[in-house]
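*Asks:* Sequence and predicted structure, then a few things I'm wondering about:
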Number of protein chains: 2
Amino acid sequence: MRIVVAKNILKANDQLAAENRARFEAAGVYALNIVGSPGCGKTTLLEAVFRRLAGRLRPAVIEGDIAGSIDAERMEALGIPVVQINTDGACHLDAVMIASAVGQLDLQAIDLLAIENVGNLVCTAGFDLGEHLRLVVLGVTEGDDKAVKYPAIFQGSDALVLTKTDLMPHTNFRVERIAADLARLAPKAPLFRVAALGGEGIGPLVEWLAAKLPVKG
Amino acid sequence: MRIVVAKNILKANDQLAAENRARFEAAGVYALNIVGSPGCGKTTLLEAVFRRLAGRLRPAVIEGDIAGSIDAERMEALGIPVVQINTDGACHLDAVMIASAVGQLDLQAIDLLAIENVGNLVCTAGFDLGEHLRLVVLGVTEGDDKAVKYPAIFQGSDALVLTKTDLMPHTNFRVERIAADLARLAPKAPLFRVAALGGEGIGPLVEWLAAKLPVKG
């Protein structure tokens, strides 16, 4: 009985996610869903990406957090339009929350919409938000066994961004191990290496993203 | 309707957790529930604690993972009795899983049972497993804003263990900030600082734990 309910919820979510995506496309907005553990560096990565994109594209952000607005304040400090979703305990964003948040953005004035999900390597895996790309972020300080332990989130992602690579020498992280797991779970997903606080490695990620965006007439 | 179901599940969980706790107490077993993000260092912390406790107490471990048995293999390598729970996608352990796993341990031969939960700073918060103490583990590489963003897990924990403190000089982590949030959310919970790979800071944590255990006649 519980399984049936869960399936219905997921089905309703997928339908609404498709509507979100259609709405984004009608307005020429390209949407990203950024997932990863708490503290993996999602917000710092977005800051670095937006700094590099400044003047080239018009970004906006939806921040998903259980409580507070720390990350949204960081985006506002960069002058980026931002909507904060407080999930009030819920462990992931869903398409309903995004549909509601999008109503508070001027889609016509946005090229790239980044949705930062709740920090959670498990529950975010099952929920399409209407994004075009899902990026999974993993700090090298989290260890190179994460794709084996949390396969679903890697399996459904379009790219893996390794963060905090400046700390690599202080860890036992082996890039070849996570690269092998990624090749098995998500063969088409590229792997990027960045140290976002200092900006190293941001260039290739930003160019890859920029090439995905529709050319506007 | 969904809320009612969720409440019933939580109620049933709490009842079974109380039964687990009674079973542990009857056998003189002290149980820990170790929670934290993926890659925060739970397993490495346990390895360091068990090395320090060697010969003093008889430990055992229940490892909770969505998939695989990497952590259980690490415990076996230390010669510690271990049961692996694979949650098959579920984002946290519950009291039913623990009741089932405990049946595979000889409780009479155990003093300290460590239950390593699924890496998740959100969903693990609501589920009593029947433990005596819940330890929340936070790597300094995750940032000092985590108690503000994920308050529930800190609120219900009995101690905070900061890990990877050897990496502190490479981060912008401020211990005074997390300490202030902890004092607000869990005023009775002590804060320990460890660098578990090298073993620094393990002593005070182990002595605090050892003093909690019942004296056996």
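*Replies:* Cool, the structure landed. Residues are numbered from 1 along each chain as shown, chains lettered A, B, ... in the order given.

*Asks:* mind checking the SS state of the residue positioned nearest the centre of chain A?
*Replies:* In chain A, the residue lying closest to the centroid (CA atoms, centre = their mean) is residue A:34, at 0.8 Å. Three-state assignment for residue A:34 (DSSP: H, G, I helix; E, B strand; the rest coil): strand.

*Asks:* measure it to chain B for me?
*Replies:* 15 Å (CB to the nearest CB, to the nearest Å). The way it works is simple: take the backbone N, C-alpha and C, and place the C-beta from them, glycine included.

*Asks:* try residue A:68
*Replies:* 5 Å.

*Asks:* before we move on, the earlier item: for the residue nearest to the centre of chain A, list each beta-bridge partner.
*Replies:* residue A:116, residue A:135 (DSSP bridges).

*Asks:* Let me know whether it touches residue A:112 as I believe.
*Replies:* No - between residue A:34 and residue A:112 there is no contact under CB atoms under 8 Å: 11.8 Å.

*Asks:* what's the residue nearest to the centre of chain A in contact with, if anything?
*Replies:* A:42, A:45-46, A:114-117, A:134-135, A:137 (CB atoms under 8 Å, 6 or more residues apart in numbering or on different chains).

*Asks:* Recalculate using a threshold of 6 Å.
*Replies:* A:42, A:116, A:135 (CB atoms under 6 Å, 6 or more residues apart in numbering or on different chains).

*Asks:* any idea which of the residues you listed is closest to chain B?
*Replies:* residue A:42 (10.5 Å; CB to the nearest CB).

*Asks:* hang on, isn't that closest one packed against residue A:115?
*Replies:* No - when contacts are counted by CB atoms under 6 Å, residue A:42 is not listed as touching residue A:115 (10.3 Å).

*Asks:* Can you report how many residues lie near residue A:158?
*Replies:* Around residue A:158 there are 17 other residues, counting by other CB atoms under 10 Å in any protein chain shown.

*Asks:* just residue A:203 next, same as before
*Replies:* Counted with other CB under 10 Å, residue A:203 comes out at 12.

*Asks:* just how off-centre is stretch A:182-192 within its chain?
*Replies:* 16 Å (CA atoms, centre = their mean, to the nearest Å).

*Asks:* What are the buried residues along it?
*Replies:* Within stretch A:182-192, the residues scored as buried using 16 or more other CB atoms under 10 Å in any protein chain shown are A:182, A:185-186, A:189, A:192.

*Asks:* Just the ones in helices from the residues you listed, please.
*Replies:* Taking DSSP state H as the definition of helices, these contribute A:182, A:185.

*Asks:* thinking again about what came up before, so which of the contacts of residue A:34 is the most crowded?
*Replies:* Neighbour-wise, the contacts of residue A:34 (other CB under 10 Å) top out at residue A:42, 28 neighbours.

*Asks:* Once you drop chain neighbours, what's closest to residue A:206?
*Replies:* residue A:52 (4.7 Å; CB to CB, 6 or more residues apart in numbering or on different chains).

*Asks:* Could you report the pLDDT at that neighbour?
*Replies:* If you check residue A:52, the pLDDT there is 95.

*Asks:* Among the buried residues of stretch A:182-192, which one lies nearest to chain B?
*Replies:* residue A:185 (11.0 Å).

*Asks:* Spit out the contact partners of the closest one.
*Replies:* Contacts of residue A:185 by CB under 6 Å, 6+ apart are A:147, A:151, A:154-155.

*Asks:* if I look at residue A:97, how far off is residue A:158?
*Replies:* Using CB to CB, to the nearest Å, residue A:97 is found at 21 Å from residue A:158.

*Asks:* Get me the contact residues on chain A for chain B.
*Replies:* A:37-39, A:65, A:67-68, A:70, A:91, A:120-123, A:141-143, A:145-146, A:148-149, A:151, A:167, A:170 (CB under 6 Å from any CB of the partner chain).

*Asks:* which sections of chain A are below the confidence cut-off?
*Replies:* A:1-9, A:215-217 (pLDDT under 70).

*Asks:* What count of nearby residues applies to residue A:168?
*Replies:* Neighbours of residue A:168 using other CB under 10 Å come to 16.

*Asks:* swap that for residue A:170, please
*Replies:* 17.

*Asks:* so when I look at residue A:10, I'm seeing a helix, right?
*Replies:* Yes - counting by three-state DSSP, residue A:10 falls inside a helix.

*Asks:* For it, list the residues it contacts.
*Replies:* With CB under 6 Å, 6+ apart, residue A:10 has no contacts at all.

*Asks:* Please apply the same query to residue A:60.
*Replies:* A:81, A:105, A:110, A:113.

*Asks:* The same query, at a cut-off of 8 Å, please.
*Replies:* Contacts of residue A:60 (CB under 8 Å, 6+ apart): A:80-83, A:105, A:109-110, A:112-114.

*Asks:* swap in residue A:36?
*Replies:* A:42, A:117, A:119, A:121, A:136-139.

*Asks:* repeat that for 6 Å
*Replies:* A:42, A:136-137.

*Asks:* would you list every one of the strands in chain A?
*Replies:* A:30-36, A:59-65, A:82-86, A:112-116, A:133-139, A:159-163, A:191-193 (DSSP state E).

*Asks:* quick one, which of those strands is nearest to residue B:15?
*Replies:* When the strands of chain A are ranked by distance to residue B:15, counting by CB to CB, first place goes to strand A:82-86 at 31.2 Å.

*Asks:* Cheers, nothing more for now.
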